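Asker: can't give you the sequence, but here's the structure:
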């Protein structure tokens, strides 16, 4: 089509899908270094444009620009903020970040993740800084500072914080995780190495122990485990409001577990039954 062009560029650090339409250029950027190889972007992509591939000694994202519609749903679901979208207008000379899937509607805003009220921090306290597995917290000139681009809302900081209310956590998912250590080969540490929140520890002589308090249900460990030893259940997506679009419904079906769907269906049935009983005045 005249006035329109879509292309992909890739190097060791980033993937860019760029679409130009007259004076507007939209760019989807995937940061390979920030990617935690959780596969959520692949799961929610309505066009099946995203996947994972092995590059050297690491697993990194892959993208098919011919399938990508630049809808931006992957941007919202990426827990590591490794994906972003921007728009450049060559006529107005403007460059802005874009969240098109939220702007169109039908997909709710997601949880705020971790919030920090540094005004409540005791003088000199740095317990959360030392505990953060992502180096998202650091000691500033006057108080602890949060780098939201690194934070995964894993609750390590909240566990050690001595002040009630200074740290609040709302992860992207509610859920749980279990490991069948009988399936773990001797010496295997794939899940430990893959977990971005360090919720796994080695247990001799074989297997691992997982602390579900620090699991964000991202699924990076299930991608890394070749032995089917990990059972991850996502029960709910934490979002502000309800989504109603077909894209949202498909994404929910893709990322939530069968148990979540069962609970949701039964919850709707119970609500309907309560309404019927009220209407009949029984």
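Answerer: Good, I have the coordinates. Owing to the predicted nature of the structure, the values given are computational and were not obtained by experimental measurement.
Asker: Name the SS class of the nearest residue to residue 172 once chain neighbours are set aside, please.
Answerer: Take residue 172 and drop its neighbours on the chain: the residue closest to it by Cβ to Cβ, 6 or more residues apart in numbering is residue 79, 5.5 Å away. Where you see a C-beta, it was placed from the backbone N, CA and C, and this is true even at glycine. In three-state terms, and counting by DSSP: H, G, I helix; E, B strand; the rest coil, residue 79 is coil.
Asker: any idea of the pLDDT on residue 79?
Answerer: What the model reports for residue 79 is a pLDDT of 95.
Asker: Kindly report the same for residue 229.
Answerer: Residue 229 carries a pLDDT value of 95.
Asker: Burial check on it, number of neighbours?
Answerer: Residues lying near residue 229 (other Cβ atoms under 10 Å) number 21.
Asker: Over to the one 5 residues further on?
Answerer: Residue 234 has 21 neighbours, counted by other Cβ under 10 Å.
Asker: Surely residue 248 is within a strand?
Answerer: No - counting by three-state DSSP, residue 248 is not found in a strand; it is helix.
Asker: Test my guess that it contacts residue 110.
Answerer: No - counting by Cβ atoms under 8 Å, residue 248 does not reach residue 110; the two are 11.4 Å apart.
Asker: These two: who's more crowded?
Answerer: Higher neighbour count among residue 248 and residue 110: residue 248, with 22 against 16, using other Cβ under 10 Å.
Asker: Quick check: that one vs residue 172, distance?
Answerer: Note on residue 248: its distance to residue 172, by Cβ to Cβ, to the nearest Å, is 14 Å.
Asker: same question, residue 113
Answerer: 7 Å.
Asker: Need the overlap of contacts for the two.
Answerer: residue 153 (Cβ atoms under 8 Å, 6 or more residues apart in numbering).
Asker: Run through the residues that contact the closest residue to residue 92 other than its chain neighbours.
Answerer: Leaving aside its sequence neighbours, residue 92 sits nearest to residue 23 (Cβ to Cβ, 6+ apart; 7.8 Å). Residue 23 makes contact with 89-92, according to Cβ under 8 Å, 6+ apart.
Asker: Brilliant, that's me finished.
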